[in-house]
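Visitor: could you work out the structure for the sequence below:
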Amino acid sequence: FVVVARADDDEVTQTKKGVMKAISEIKHFFQSDPLGKKLVEVMKEVGSVCQMVRKKARMALKEYVRKLIKEDE
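Guide: Numbers count the residues shown, from 1 in each chain. Sure, this is the predicted structure:
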């Protein structure tokens with residue numbers, strides 16, 4: 001029973017190490033590789049555009065609701 005538990009612990013440890021290595025490689029890609037850096041820039045721009053679209057949609061919806069309320073009165 002102790003041997004089986006030890007084998008499970010080793011498996012978990014190996015899995016943790018594998019996951020940490022993968023995360024480290026991904027982080028290194030986005031921080032060091034030119035393509036990774038470019039992807040970071042593009043995703044920041046996409047995020048900015050999404051925020052702008054969301055803001056415009058909210059403003060349009062707000063104006064539409066105001067018109068509906070005004071018509072109701």
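
Visitor: which SS state does Lys62 fall under?
Guide: Counting by DSSP: H, G, I helix; E, B strand; the rest coil, the backbone at Lys62 sits in helix.

Visitor: okay, now it: neighbour count?
Guide: Using other C-beta atoms under 10 Å, Lys62 has 10 other residues around it. Yep, even glycine has a C-beta here, placed from its N, CA and C like the rest.

Visitor: now it: how far from Gly47?
Guide: For Lys62, the distance to Gly47 (C-beta to C-beta, to the nearest Å) stands at 23 Å.

Visitor: how about Val12?
Guide: Distance from Val12 to Gly47, by C-beta to C-beta: 36 Å.

Visitor: so what's the residue count around Glu45?
Guide: Count around Glu45 with other C-beta under 10 Å applied: 10.

Visitor: typed the wrong thing, it's Ser32
Guide: 9.

Visitor: what of Tyr64?
Guide: For Tyr64, the count of nearby residues is 10 (other C-beta under 10 Å).

Visitor: same check on Phe29?
Guide: 14.

Visitor: cool, Gly36 as well?
Guide: Using other C-beta under 10 Å, Gly36 has 15 neighbouring residues.

Visitor: for it, which three-state class applies?
Guide: Looking at Gly36 with three-state DSSP, the answer is helix.

Visitor: please enumerate the helices of the protein.
Guide: 2-32, 34-72 (DSSP state H).

Visitor: check the ones you listed for me: which has the lowest mean pLDDT.
Guide: With a mean of 83, helix 2-32 has the lowest mean pLDDT of those.

Visitor: how far off centre is that helix?
Guide: Centroid separation for helix 2-32 versus its chain: 22 Å, with C-alpha atoms, centre = their mean, to the nearest Å.
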